[in-house]
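[1] A predicted structure for the sequence below; I have some questions about it.
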Amino acid sequence: MAKIVPFKAVRPARDKVSLVISRSYDEYSAAELASQLDYNPFSFLHVLNPAYVNVQKIATATRLKAVNLKYEEFKESQVLKKEEEPIFMLYEIKSKGNTYTGIIAGTSLEDYRNNVIKKHEDTLSYRVEYFKEYLDYTGFNTEPVLITYPEDKELQDWITAKKQNRPLYHFSSVNRNMHTLWRIKYDDEIEWIKKKFEGMDSIYIADGHHRSASANMLLEQNQDSDNENLNYFMSFLIAESDLKINEYNRIVHDLNGLSSEQFLEALSNDFIIENKKQELWKPNEKFSFGMYFNGEFYALQLKEKEFNSVYEALDARILYEKVLHPLLGITDLRNDERIEYIPGNQPITNIKKMVDESEFEVGFMLYPPTIDEIKNLADNNLIMPPKSTYIEPKFRSGLVVYEL
């Protein structure tokens, strides 16, 4: 039984919403960040980057306290406004032919601990600790955890009908995505939605494992607090069919001392290799891999396809066990500087360019995991290999804020 709650959301003033929202802070280059800070006084980046040029030289506590002060300044000047009553929100993103629609809500940390909310990724302790400090010092979060739930026709029909109402926001962002947001504020609607999720045995984290773990750590350190908001973290809940699961592709700097001939011969032990020449080829089924090497594309078809578990059958795991580790000598997928990762929503011409420029020797394209694979892993308390999924949609900072 999954528990979700409405909350007093903080959001931009209606006339400023398209100016306030931003991508995640770390997605901006230094030049892009400087431009936004110089020319857009309403950007939420001013909150995330409060007037420091050399932020890395500033003590963490000092910088995060300044984030809180700037956030309060945005509220005082009415750039951001707080709802008077707890609400849910319905949010739609239209992006490059895809439409994502979901409910923004507070999600229970008790469910997180009891594995009602299921996970499929491991976390890095230093990242969990840092974001816990961020939540503690700033007192807010504006990046919801992306959670997916099983298909529910009644809920989907309600969402479809709700989207016929006048929205609170309807605007486009500079990347040409269209954003629409509706308030869900009536008691009968709120209670009906809560009961819908209470009828779900499990829901699944799609993206945001570090954020949820950080919220849990903060709660553990404040067990005696009477702050009810600490018991929840903000989530964007979408149906499985709305989720877009991309792969992470891999590029490797060198062949670990192998010649081109030796490398191809070693690959042939486990794969049927087909030279695709200049065809921009990427796999269209499981157990199939694309490769860009020596100026040409290759299709690699796995020969042996019998596995003992869903984990062993993951394409990312197969590539590691058959190629990256035994042939290219990569043991630590998180920290080895010889390997880098390219999100599957980027064109494979990016991989071609990076290899052609001689910075990398070889690139691999994978077929994305399915939602069934992700759920099967989570149901069995198994963890995906690092950088296995790049999941969309991505949420904009500053659109909705959850206060602690």
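    Yep, that arrived.
[2] Pull stretch 201-218 out as CSV, backbone CA atoms only.
    Extracted C-alpha coordinates of stretch 201-218, given in CSV (Å, rounded to 0.1, in the frame of the first residue of the first chain):
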residue,chain,number,x,y,z
ASP,A,201,1.4,-2.9,-3.6
SER,A,202,4.6,-1.5,-5.0
ILE,A,203,5.8,1.6,-6.8
TYR,A,204,9.3,1.9,-8.3
ILE,A,205,12.0,4.6,-8.3
ALA,A,206,12.9,5.3,-11.9
ASP,A,207,15.3,8.2,-11.3
GLY,A,208,16.5,9.8,-8.1
HIS,A,209,17.9,7.1,-5.9
HIS,A,210,20.4,9.5,-4.3
ARG,A,211,17.7,12.1,-3.5
SER,A,212,15.5,9.6,-1.8
ALA,A,213,18.4,8.1,0.2
SER,A,214,19.4,11.6,1.3
ALA,A,215,15.9,12.4,2.5
ASN,A,216,15.9,9.1,4.4
MET,A,217,19.2,10.0,6.0
LEU,A,218,18.0,13.4,7.0
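[3] Which positions within that stretch qualify as buried?
    For stretch 201-218, a neighbour-count test (16 or more other Cβ atoms under 10 Å) marks 202-218 as buried. For glycine as for every other residue, the C-beta is placed from the backbone atoms N, C-alpha and C.
[4] got it, and stretch 133-143?
    133-143.
[5] who touches the lengthiest helix in the chain?
    Secondary structure assigned by DSSP state H gives helix 60-76 as the longest helix of the chain. Helix 60-76 has contacts (Cβ atoms under 8 Å, 6 or more residues apart in numbering) with 10, 44, 46-48, 50-52, 55, 80-82, 130, 133-134, 137-140, 401.
[6] Going C-terminal from it, what's the next secondary structure element?
    strand 80-82 (DSSP states H and E).
[7] so what does the following helix or strand past that following strand touch, helix or strand wise?
    For strand 80-82, the succeeding helix or strand toward the C-terminus, using DSSP H and E, is strand 88-95. If you count contacts as 3 or more Cβ pairs under 8 Å, 6 or more residues apart in numbering; DSSP states H and E, strand 88-95 packs onto strand 98-108, strand 178-184, helix 187-198.
[8] so can I have JSON lines of the ones you listed showing distance to residue 126, mean neighbour count and mean pLDDT?
    Below are the helices and strands packed on strand 88-95 laid out as JSON lines (distance: least, Cβ to Cβ, whole Å; neighbours: other Cβ atoms under 10 Å; pLDDT from 0 to 100):
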{"stretch": "strand 98-108", "distance to residue 126": "24", "mean neighbour count": "22", "mean pLDDT": "97"}
{"stretch": "strand 178-184", "distance to residue 126": "33", "mean neighbour count": "18", "mean pLDDT": "97"}
{"stretch": "helix 187-198", "distance to residue 126": "33", "mean neighbour count": "14", "mean pLDDT": "97"}
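[9] Point out the one among these that comes closest to residue 294.
    Among the helices and strands packed on strand 88-95, the nearest to residue 294 by Cβ to Cβ is strand 98-108 (34.6 Å).
[10] picking up where we left off before, residues of the longest helix of the chain that come out buried?
    Of the residues in helix 60-76, 63-64, 66-67, 70-71, 74 count as buried by neighbour count, 16+ other Cβ under 10 Å.
[11] Could I get the full set of helices for this structure?
    Ranges of helices in the chain, per DSSP H, are 17-20, 30-39, 45-48, 60-76, 109-113, 125-138, 153-162, 187-198, 209-220, 260-267, 315-319, 349-356, 371-379.
[12] can you tell me which of the ones you listed the model trusts least?
    Lowest mean pLDDT within those: helix 30-39, at a mean of 84.
[13] for that helix, which positions count as buried?
    33, 36.
[14] Which residues does that helix contact?
    By Cβ under 8 Å, 6+ apart, helix 30-39 touches 22, 25, 28, 43, 45-46, 49.
[15] Can I get stretch 41-48 as CSV, trimmed to CA atoms?
    C-alpha atoms of stretch 41-48 as CSV (Å, rounded to 0.1, in the frame of the first residue of the first chain):
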residue,chain,number,x,y,z
PRO,A,41,17.4,38.1,-12.6
PHE,A,42,14.5,35.7,-12.1
SER,A,43,16.3,32.4,-12.9
PHE,A,44,16.3,29.9,-10.1
LEU,A,45,20.0,29.5,-10.8
HIS,A,46,20.5,32.6,-8.7
VAL,A,47,19.1,30.6,-5.8
LEU,A,48,21.3,27.6,-6.6
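[16] Quick one: distance of it to the chain centre.
    Distance of stretch 41-48 from the chain centroid (Cα atoms, centre = their mean, to the nearest Å) equals 22 Å.
[17] what separates the residue at the greatest distance from the centre of the chain from residue 1, distance-wise?
    Computed with Cα atoms, centre = their mean, the residue of the chain farthest from its C-alpha average is residue 261, at 38.7 Å. The gap separating residue 261 from residue 1 is 59 Å, by Cβ to Cβ, to the nearest Å.
[18] Would you list the buried entries among the contacts of helix 60-76?
    Counted by 16+ other Cβ under 10 Å, these give 10, 44, 46-48, 50, 80, 133-134, 137-140, 401 as buried.
[19] tell me the two of the residues you listed that are most distant?
    80 and 133 (22.3 Å).
[20] At the geometric centre of the protein, which residue do we find?
    In the chain, the C-alpha nearest the mean C-alpha coordinate belongs to residue 207, at 3.9 Å (Cα atoms, centre = their mean).
[21] ok, that one - contacts?
    Residue 207 sits next to 145-146, 389, 391 when contact means Cβ under 8 Å, 6+ apart.
[22] just checking, residue 287 touches residue 318?
    Yes - in this structure, residue 287 is within contact of residue 318 by Cβ atoms under 8 Å, at 7.3 Å.
[23] who has more neighbours, those two?
    residue 318 (23 against 17; other Cβ atoms under 10 Å).
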